[in-house]
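> missing the sequence, but the structure's below:
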């Protein structure tokens, strides 16, 4: 039987490479034949562990075939007044199953796949009983529930010694009338589910019922075939190709090395994509700025500007006077005309109009409220010197005058 099972597994492995899988797992086996029906304790107290090793080939969306070998133990014990039979046997066998999976009934691939299977199997067994203790003294079950070394009788009562079972199944069980076969075919029926872990590995959980075509697994024939139930947990490995992916044709290594701006820093690490080829860059792909004036070296017309200096768009330091003027223009958009008028031009206008004022006579005119701050000496008159000082304050940024107000101040200067 072992050779048949081995060569069958090898045959499936050789001829079913594309959808071939192997599995290994553990079983819990519970005998449901004659011995054990009269057990008055936990129903699963006689359950024993076993192991399985198998292979399967899935032929299509639903159907597949599986070849499975198993090894384990079956055990049963009666312990009531009417019966004190017991047995235990190793079982080794193999089975061929037809499997129906239900995970691909839809177009999508499901991670959970319920399945059912039915097949035919062959099992070998050899029942033994625990009938004697270590001293080869037979167990005698008395009506009071005790086990003694003598048969139950009033004469033996004073002399019988109480014993305990040692649960060593030392005696091969036989039928005195029939020399039965210690192997048989059986019908396995499985119901379970397979959980897909990844495209190759899955975990299978199943319960099964196995009907033997013999009534002698427990050595006692009472009119019905023996059977056993089982629960199985196994790990499955499928020899299949990795599923196609839309990313299979993408060279991720090449993408990791891609350098769009050819600055020597891969795009994945480049914080300044699109750096000009003429620019020298640092480790993060950004253009170097040696003097840290905010203008990269490849655009800096003055690469060694003093630290802290204010620079223009070409990296050239701006003097304080020009900087103050630019700030004033930023905060006063209405002074566009001041860009074309210089401080010297305004002063020349004042001097020219001051000479004209020296030749002019008439009554003084009251200073408008918006121009009173230009009357520095508070004498009620606007002098040329006061206009020059107001203009100076304007360019120094210390005055609230605008160009328009300065022009009105000059006009008023002539109206006095």
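Looks like it came in fine. The model shown is predicted, which means the values in this text are computed figures rather than measured ones.

> Can you pull the poorly scored residue ranges out of the stretch 1-150 of the chain?
1-18, 107-109 (pLDDT under 70).

> could you redo the last one with a cut-off of 80?
Counting by pLDDT under 80, the stretch 1-150 of the chain has low-confidence residues at 1-19, 39-43, 104-110.

> same question, the stretch 151-300 of the chain
Along the stretch 151-300 of the chain, segments meeting pLDDT under 80 span 223, 243-257.

> hey, where'd the helices end up in it?
Along the stretch 151-300 of the chain, counting by DSSP state H, counting those that start in this stretch, helices occupy 252-257.

> quick one, strands of it?
Assigned by DSSP state E, counting those that start in this stretch, the strands in the stretch 151-300 of the chain fall at 162-163, 171-172, 183-196, 201-212, 227-239.

> For residue 113, find the nearest of the ones you listed.
Closest approach to residue 113 among those is made by strand 183-196 (4.4 Å; CB to CB). Heads up, the C-betas are built off the backbone N, CA and C, glycines and all.

> I'd like the distance between residue 140 and residue 150.
Separation of residue 140 from residue 150 (CB to CB, to the nearest Å) stands at 6 Å.

> what is in contact with those two at once?
Residues touching both residue 140 and residue 150 (CB atoms under 8 Å, 6 or more residues apart in numbering): residue 160.

> Okay, now the unreliable bits of the stretch 301-416 of the chain?
Those would be 308, 310, 312-313, 315, 318-365, 396-398, 414-416, if you go by pLDDT under 80 across the stretch 301-416 of the chain.

> And this protein, what are its domain boundaries?
Domains of the chain are assigned by automatic domain parsing as 2-130+167-239, 335-416.

> Residue 190 against residue 206, yeah?
Yes. With contact defined as CB atoms under 8 Å, residue 190 and residue 206 form a contacting pair (5.0 Å).

> Looking at the two, which one has more neighbours?
Counted by other CB atoms under 10 Å, residue 190 and residue 206 do not tie: residue 190 has more neighbours, with 22 against 19.

> which ones are touching the more buried one?
Neighbouring residues of residue 190 by CB under 8 Å, 6+ apart: 97, 99, 115-118, 206-208, 232.

> thinking again about what came up before, what sits in contact with each of residue 190 and residue 206?
By CB under 8 Å, 6+ apart, the residues touching both residue 190 and residue 206 are 115, 232.

> In the stretch 301-416 of the chain, what residue spans correspond to helices?
Using DSSP H, counting those that start in this stretch, helices in the stretch 301-416 of the chain cover 320-331, 343-358, 384-396, 403-415.

> Lovely, talk soon.
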